[in-house]
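Enquirer: Make a model of this:
(6 chains)
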4 protein chains.
Amino acid sequence: MPKIVDWDKRRDEVLAATWRVIAREGLQRTTIRRIAGEAGYSPGVLAHYFTNKQDILSSALMLCHTRVRDRMRERTKSLIGLDALRVVIEEALPLDEERDLEAGIEINFWSQTLGNPELAKLQHNEFEPILDDFRHPLLEAKALGQLSSDLDIEEAARALMVLMDGLSIERVLFPSRTTPELQLRMLDLLLRTFDRGLEEQVTVAVESE
Amino acid sequence: MPKIVDWDKRRDEVLAATWRVIAREGLQRTTIRRIAGEAGYSPGVLAHYFTNKQDILSSALMLCHTRVRDRMRERTKSLIGLDALRVVIEEALPLDEERDLEAGIEINFWSQTLGNPELAKLQHNEFEPILDDFRHPLLEAKALGQLSSDLDIEEAARALMVLMDGLSIERVLFPSRTTPELQLRMLDLLLRTFDRGLEEQVTVAVESE
Amino acid sequence: MPKIVDWDKRRDEVLAATWRVIAREGLQRTTIRRIAGEAGYSPGVLAHYFTNKQDILSSALMLCHTRVRDRMRERTKSLIGLDALRVVIEEALPLDEERDLEAGIEINFWSQTLGNPELAKLQHNEFEPILDDFRHPLLEAKALGQLSSDLDIEEAARALMVLMDGLSIERVLFPSRTTPELQLRMLDLLLRTFDRGLEEQVTVAVESE
Amino acid sequence: MPKIVDWDKRRDEVLAATWRVIAREGLQRTTIRRIAGEAGYSPGVLAHYFTNKQDILSSALMLCHTRVRDRMRERTKSLIGLDALRVVIEEALPLDEERDLEAGIEINFWSQTLGNPELAKLQHNEFEPILDDFRHPLLEAKALGQLSSDLDIEEAARALMVLMDGLSIERVLFPSRTTPELQLRMLDLLLRTFDRGLEEQVTVAVESE
DNA sequence: CATGAATGAGTGTTCATTCAT
DNA sequence: TATGAATGAACACTCATTCAT
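Expert: All right, here's what the predicted structure looks like:
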């Protein structure tokens, strides 16, 4: 009877080790040897579970997205509209250690993506699903009358995505200056513009003159 | 009779070549040999003008910042307040090819920074000056009464910085989906929140009920 | 109750798989894993039937020789002299797909043999038996008066062996230029020199002047 | 003033070392490290003079052909016809240490060629020139009346090529049994068949009955 | 000053072999 | 017996760096 290992469990072990190495050393210094060492295996063993380094890295990035999205789904199960939106965006922002790590992983892949067609394709495939995560609660909220009826959903979703990416890189590069509190203030600033459409604001401003 | 070379000119030539290589090949494939080849020199000559590869890369990043800042200064010489602010932020956003290139360079360095204390230090040193570029016209505009008197300058400056970084990465990763027009709409969305402080908005909203 | 496996059958299965892999991938790309996969077994099982990779390869080469010799024996059972000789040499030449394969296997081992004492010893042990396959029908034919009485059997046998090896490599490297027809013409050229000894030819030539 | 090395001389040094390693270890055990060590350089230096290992090996094979052909040209400068033919074929046969080495190199490449399209193409390109080396003196000799007027030059040239390859592999695998004397006897056997065409032999044979 | 030859460590990857199950 | 997980060395290749010229 041969030794049977849980394939997926091993893969997850290796990917977890990959994350730790990326977070500690940076993606450029993330080598197969270091990953294997971090996971407690010999370098050759990775060949059993991944076709090559690219596979490991792509899987690590996918795992990053998957984890975030799983948490979003989990925490928004019984929420709708603005409540759901807030949870979604809060899961995407680097507000605690776990999400700091995820933000660091993601950012490490950005520059890699530029010269790597395979990673570029993966990132492009992920674009719409991520946007959907924002679009869906936005649509709900608008339907519920929680947001301005003039709100451009596409623009709002992109604004959230830009905020998420901007805060991620600033948190990672300047952690002490990009506290969770600051991030939430920035988020509030943006969300408040959704409340009241631009035209309406202009109208009110004119009236108040 | 020793040949006298223009030290700074040589350095700038090399750094320009470095940019071209980074833009074409990505930072990971940017080698000393390729930089030297691009600049038309032999690999060994770089040792005369830079202490090592790290020095070249750091200098290239500094040059990126310097260029942006020089253009900001040039174009805001005769402007103040909101007009200056707009020029400053537009120089920082990837709205044309030149700034696309600069955004690409910058982003290439982000992941490098994580595992590289020297680069990290450099980035930290750059933090305040960049923020100052936003603070200064904001303060002017506020003093001129162009912005809400309640506006938190620090928060506004950071919000601009976050927007700049967020739009930079999205432009680089998804250029066709992050057009100059979209960027300017996002910028307007943010700037409009500066016009009218949050409390005021709330007040108005309450009044209109 | 332990499972009883047919040892020799398993070995033959593995060796057949080895041939297929060598023919498809070349000896250099012939790995234990690929052989095991081709045979439908796990990599580790080969250790039960062979001491190591070298053993597998040596056995595969032996099988190549054995097959040729078995066919020779089978087809020459009721033949003697020149008739037997022709069958023997035709079995050894790459005149059809099966023998093309065998020639390819053999040639793959040639270069391996040079740096591999074990294979070298095996090839040396095979030298005399192969030569015997030619010697025996040659002796018969000479005794039957089918060949020149001056014929040096040793030289003739070696000439056949050289022809066989030369045609094998040319067939494998340049198949379209080394057709079965060409091979048979070359064979006839050689066999005709056996018919009439050299001295006799010279004599005739002198007489005809 | 930089250190200037003779590029071609270095390449030849490396190729000579490559030959020695191939002859000693076999092509499969011929690694870049071993070649570099044999040449007295560090492994990395080979990258200066060759694009990759394939380049080294292809060049080594080409050098093998070039050397043989150069010697042929040199030694046949003042010879024509049968005299030239004999020199040509003797330069191609492994009759001394130098040509033993060349034969060993050539044979090592045979099996490699099978799974290597680049080498295969090189071998195919070499086919006709090699054949020409035999064709040319054969045509001369025929024109001079030194060979049978019925001789098929194409067939004769191929027969010489087959003999050369066959004797090469036998010399390399069984050096003690494939002495220069034996090789020359085999060569004479073949050359004599060129003297007197097949039809003539048959005619004479019939007449003598 | 400038060259480019040379170094040697480090990369991803492959693979024969071992061995606990 | 049979499995396939695991090892660790070897591979070709890349590259920052050094240094004699």
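
Enquirer: Quickly list the domain ranges of chain A.
Expert: Per automatic domain parsing, the domain ranges recorded for chain A read A:1-50, A:60-197.

Enquirer: in what helix or strand does residue A:185 lie?
Expert: Using DSSP states H and E, the element containing residue A:185 is helix A:180-195.

Enquirer: Nearest residue to residue A:135 in space, please, no chain neighbours.
Expert: Nearest residue to residue A:135 in three dimensions, chain neighbours excluded: residue A:157, at 4.8 Å (C-beta to C-beta, 6 or more residues apart in numbering or on different chains). C-beta coordinates here come from the backbone N, C-alpha and C atoms, glycine included.

Enquirer: wouldn't that neighbour be in contact with residue A:138 here?
Expert: Yes - the criterion here is C-beta atoms under 8 Å, and residue A:157 meets it with residue A:138 at 6.0 Å.

Enquirer: who's more crowded, these two?
Expert: residue A:138 (25 against 20; other C-beta atoms under 10 Å in any protein chain shown).

Enquirer: hmm, back to that, most packed of the domains of chain A?
Expert: domain A:60-197 (a mean of 18; mean count of other C-beta atoms under 10 Å in any protein chain shown).

Enquirer: Please see if it touches DNA strand F.
Expert: No - using C-beta under 7 Å from any atom of the strand, domain A:60-197 stays clear of DNA strand F, coming no nearer than 11.2 Å.

Enquirer: where does that domain sit relative to the chain's centre, distance-wise?
Expert: Averaging C-alpha positions (C-alpha atoms, centre = their mean, to the nearest Å) puts domain A:60-197 6 Å from its chain's average.

Enquirer: Same question for stretch A:180-198.
Expert: 19 Å.

Enquirer: quick one: pLDDT of the closest residue in space to residue A:16 that isn't next to it in sequence?
Expert: Counting by C-beta to C-beta, 6+ apart, residue A:16 lies nearest to residue A:39, which is 7.7 Å off, once chain neighbours are set aside. You'll see residue A:39 listed with a pLDDT of 95.

Enquirer: again, but for the one 5 residues further on
Expert: Confidence per residue is given as pLDDT, and for residue A:44 that number is 92.

Enquirer: circling back: contacting residues around the residue nearest to residue A:135?
Expert: Taking C-beta atoms under 8 Å, 6 or more residues apart in numbering or on different chains as the criterion, residue A:157 is in contact with A:131, A:134, A:135, A:138.

Enquirer: What's the separation between residue A:133 and residue A:180?
Expert: Remark: distance between residue A:133 and residue A:180 (C-beta to C-beta, to the nearest Å) = 20 Å.

Enquirer: again with residue A:35
Expert: Separation of residue A:35 from residue A:180 (C-beta to C-beta): 30 Å.

Enquirer: quick one on the thing from earlier: any idea which of the domains of chain A has the lowest pLDDT on average?
Expert: Mean pLDDT is lowest for domain A:1-50 among the domains of chain A, at a mean of 90.

Enquirer: Quick check, residue A:114 in contact with residue B:106.
Expert: No - taking contacts as C-beta under 8 Å, residue A:114 lies outside contact range of residue B:106: 11.7 Å.

Enquirer: can you give me phi and psi for residue A:162?
Expert: phi -60, psi -40 (degrees, to the nearest 10).

Enquirer: Not counting residues beside it along the chain, what's closest to it?
Expert: residue B:166 (3.6 Å).

Enquirer: do stretch A:34-48 and DNA strand E meet?
Expert: Yes - interface with DNA strand E: stretch A:34-48 contributes A:34, A:43, A:44, A:47 (C-beta under 7 Å from any atom of the strand).

Enquirer: Go through those residues and name the one nearest residue B:29.
Expert: residue A:34 (20.3 Å; C-beta to C-beta).

Enquirer: Could you count how many residues lie near residue A:52?
Expert: Residues near residue A:52, counting by other C-beta under 10 Å: 11.

Enquirer: returning to what we had before: may I see the domains of chain A arranged in CSV, with distance to residue D:125 as well?
Expert: Converted to CSV, those look like this (distance: least, C-beta to C-beta, whole Å):
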stretch, distance to residue D:125
domain A:1-50, 37
domain A:60-197, 34
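
Enquirer: Just tell me which of the ones you listed ends up closest to residue C:148.
Expert: Smallest distance to residue C:148 across the domains of chain A (C-beta to C-beta): 63.4 Å, for domain A:1-50.

Enquirer: Tell me how far that closest one lies from the chain's centre.
Expert: Distance, stretch centre to chain centre, for domain A:1-50: 22 Å (C-alpha atoms, centre = their mean).

Enquirer: ok, now how distant is the residue nearest to the spatial centre of chain A from DNA strand F?
Expert: Centroid-nearest residue in chain A: residue A:92, 4.9 Å away (criterion: C-alpha atoms, centre = their mean). Distance, residue A:92 to DNA strand F, using C-beta to the nearest atom of the strand, to the nearest Å: 34 Å.

Enquirer: got it, and residue A:105?
Expert: 24 Å.

Enquirer: Grab the nearest non-local neighbour of that residue.
Expert: In space, residue A:105 is closest to residue A:64, 4.8 Å off (C-beta to C-beta, 6+ apart).
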